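> Sequence and predicted structure below; questions after.
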Amino acid sequence: MAAASTAVAAVAVPRGGFNSGVRAVKIVWLRELLRFSSDRLRIVTALIQPLLFVFVLGTGLGSLTKGVRGVDFKTFVYPGALAMSVLFTAVFSAGSIVWDREFGFLREMLVAPVSRTALVIGKCLGGATTATAQGVVVLAMAGLVGVPYSATLMLKLLGMMALLAFTLTAFGVMMAARIPTFQGFMGLTQMLLMPLFFTSGAMFPLSGLPAWLTWVTRLNPLTYAVDPIRRAVFDHLDISAAARAAYAPGVSWGSYHVPVWLELMIVAAAGLLMLTVASLEFRQAE
């Protein structure tokens, strides 16, 4: 009897290239959206801190500054709350990489026949999208703090939040690429994020500061994301020029007043730099 032949199943490995990379970016991006939309508790809890800052801290401190230059303190705090809503959602979205590593899913992603840079880009875009969506909820409350619903203003704020969300997600991915445990990631992010947030001018004007604090705010990259948001808001308020100069003076390097376009370029450059570092870290990962 002739020996039975053994059939060998052919294995097709997708070709690499641009189309494969785009498909990988899309899949990782969609995964982040599905994960975010299915976690309602995360959506609700991420709103608590911004709302506390606006309506509790803003109202409480507003009683001390009531009538100062004719600006409600809740209105002043609102741009910082927008940045906060994006900040924590973006970084904690990047933290899911640590979970994926602990449960073995990250290894499956890394052995896929796609560029690891595409995986990082998809992760950053997914985190940026979910963080921006979270910020839109806070943006919808603008009327409650005296910020007008101007179409131009809303589009400006939406674009700035999206840029900030991308940069912060890249920052989180860069950190998560080398941190082995989620507890370690949470500890490190809490240690870094709160000082970055509180020294960004989100809770206080950038004018009239002590010399040491002025240097800290200028070296903080988050300052260049919060300041354009505040300046955009105050440009659409019916207040005096003196009040606008006091509460939204902008960032100055000595005698040079940094324009908004340069501030946004600094944020974008920081995001691209951290995206590059994160990609290099993933290429070296097992």
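Noted; the coordinates are in hand.

> Quick one: the strands in this structure, in order.
252-253, 256-257 (DSSP state E).

> Now distance to Gln190, mean neighbour count and mean pLDDT too, for those strands, in JSON lines please.
All C-beta spots, glycine's among them, are computed from the backbone N, C-alpha and C. As requested, the strands of the chain are exported to JSON lines (distance: least, C-beta to C-beta, whole Å; neighbours: other C-beta atoms under 10 Å; pLDDT from 0 to 100):
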{"stretch": "strand 252-253", "distance to Gln190": "30", "mean neighbour count": "11", "mean pLDDT": "90"}
{"stretch": "strand 256-257", "distance to Gln190": "34", "mean neighbour count": "10", "mean pLDDT": "92"}
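
> nearest to Leu213, of these?
strand 252-253 (13.8 Å; C-beta to C-beta).

> if I pick the closest residue to Thr167 other than its chain neighbours, what's in contact with it?
Ranked by C-beta to C-beta, 6 or more residues apart in numbering and with sequence neighbours excluded, the top spatial neighbour of Thr167 is Gly271, at 3.3 Å. Contact analysis of Gly271 by C-beta atoms under 8 Å, 6 or more residues apart in numbering lists Cys124, Leu163, Phe166, Thr167, Ala170, Phe171.

> Run through the protein and note the low-pLDDT ranges.
1-18, 42, 58, 61-70, 102-113, 285-286 (pLDDT under 70).

> Mind checking which residue lies nearest the centre of it?
Ala165 (2.6 Å; C-alpha atoms, centre = their mean).

> was I right about it contacting Val136?
No - counting by C-beta atoms under 8 Å, Ala165 stays clear of Val136, with 10.8 Å between them.

> what touches both of those two?
Counting by C-beta under 8 Å, 6+ apart, nothing touches both Ala165 and Val136.

> Need the phi and psi values for Ser240.
In terms of degrees, to the nearest 10, the main-chain angles of Ser240 are phi -70, psi 160.

> How many neighbouring residues does it have?
12 (other C-beta atoms under 10 Å).

> Roughly how far does it sit from Gly127?
Going from Ser240 to Gly127 by C-beta to C-beta, to the nearest Å gives 40 Å.

> do Trp261 as well
With C-beta to C-beta as the criterion, Trp261 and Gly127 are 25 Å apart.

> Looking at the two, which one has more neighbours?
In this view Trp261 and Gly127 are compared by other C-beta under 10 Å, and Gly127 has more residues nearby, 29 against 9.

> Surely that one is in contact with Thr167?
No - contact criterion C-beta under 8 Å: Gly127 and Thr167 do not qualify, at 10.5 Å.

> any common contacting residues for those two?
With contacts defined as C-beta under 8 Å, 6+ apart, no residue is shared by Gly127 and Thr167.

> before we move on, the earlier item: dump the contacts of Gly271 into CSV; add distance to Pro221 and neighbour count as well.
What follows is these, written out as CSV (distance: C-beta to C-beta, whole Å; neighbours: other C-beta atoms under 10 Å):
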residue, distance to Pro221, neighbour count
Cys124, 16, 32
Leu163, 12, 20
Phe166, 13, 25
Thr167, 8, 28
Ala170, 12, 28
Phe171, 9, 28
